[in-house]
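> This is a predicted model, with the sequence first.
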Amino acid sequence: LLGDTTIALKYIISVHWAASQLQGGIDVYPNFLLGERIYAVMSLLGSVAILALVISKITTLLSAIQATQKERNLAFNTAHRFATQKGVRAEVLLEVYRYLGKRKRYQVRQEEINAERDLFARLPF
């Protein structure tokens with residue numbers, strides 16, 4: 001089948017097959033023209049790269065959420081341990097929990113405002 005084709009086309013066909021194994025089956029089978037096969041390989045590798053980028057962004061987002069949750073839990077546990085040791089009433093402890101939650105949201109918002117301010121300061125207008 002491939003006996004009369006050039007070595008370049010054989011190489012591109014093998015790269016196309018290998019890349020399609022990363023993403024899954026291929027439904028479109030390009031002809032034995034080198035240009036068509038190169039286009040198929042490039043589009044397939046492009047889609048794999050985009051998929052990797054999306055998965056990377058989702059992983060980064062989940063890691064940030066997990067780190068934020070861990071920091072919040074540490075703050076709440078520290079406040080609870082302190083209140084238990086000092087005999088603080090439950091109503092006061094509840095107010096401390098509310099304060100810690102609001103403080104974290106305020107810090108996140110301030111970081112967003114500072115990032116926007118820095119971005120606008122770099123703009124040329």
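Received it, and whenever you're ready, just let me know what you need. Numbering: from 1, shown residues only.
> From now on I want contacts and neighbour counts done on CA atoms only, so please keep to that.
Will do.
> Low-confidence ranges, this protein, go.
Residues of the chain meeting the criterion pLDDT under 70: 1-4, 24-32, 104, 125.
> Now do the helices in it.
For the chain, helices defined by DSSP state H occupy the ranges 7-23, 34-86, 90-122.
> So which residue is smack in the middle of this structure?
Nearest to the mean C-alpha position of the chain, by Cα atoms, centre = their mean, lies Lys57 at 1.3 Å.
> quick one: Phe120 and Ile113, what's the gap?
Phe120 is 11 Å from Ile113, where distance means Cα to Cα, to the nearest Å.
> quick one, what contacts Ala49?
By Cα atoms under 8 Å, 6 or more residues apart in numbering, the contact list for Ala49 is empty.
> who touches the closest residue to Val15 other than its chain neighbours in this structure?
Setting aside the residues directly before and after it, Val15 is nearest to Val41 in space (Cα to Cα, 6 or more residues apart in numbering), at 7.1 Å. Neighbour list for Val41: Ile12, Val15, His16, Ala19 [criterion: Cα under 8 Å, 6+ apart].
> okay if I get the residues you listed as a markdown table plus distance to Pro124 and neighbour count?
Formatted as a markdown table, these follow (distance: Cα to Cα, whole Å; neighbours: other Cα atoms under 10 Å):
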| residue | distance to Pro124 | neighbour count |
| --- | --- | --- |
| Ile12 | 46 | 17 |
| Val15 | 45 | 17 |
| His16 | 45 | 21 |
| Ala19 | 43 | 18 |
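> and of those residues, the nearest to Tyr106?
Tyr106 lies nearest to Ala19 out of the contacts of Val41, by Cα to Cα, at 46.5 Å.
> was I right about that closest one contacting Leu45?
Yes: if you go by Cα atoms under 8 Å, Ala19 and Leu45 touch, sitting 6.5 Å apart.
> how about stretch 82-92 as PDB, C-alpha atoms only?
What follows is stretch 82-92, C-alpha atoms only, in PDB (Å, rounded to 0.1, in the frame of the first residue of the first chain):
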ATOM      1  CA  PHE A  82      -8.200  29.500  70.700                       C
ATOM      2  CA  ALA A  83     -11.900  30.100  71.700                       C
ATOM      3  CA  THR A  84     -12.100  26.600  73.300                       C
ATOM      4  CA  GLN A  85      -9.000  27.200  75.300                       C
ATOM      5  CA  LYS A  86     -10.100  30.600  76.500                       C
ATOM      6  CA  GLY A  87     -13.700  29.700  77.100                       C
ATOM      7  CA  VAL A  88     -15.200  32.100  74.600                       C
ATOM      8  CA  ARG A  89     -19.000  31.900  74.200                       C
ATOM      9  CA  ALA A  90     -20.400  30.400  71.000                       C
ATOM     10  CA  GLU A  91     -22.100  33.700  69.900                       C
ATOM     11  CA  VAL A  92     -18.700  35.500  69.900                       C
END
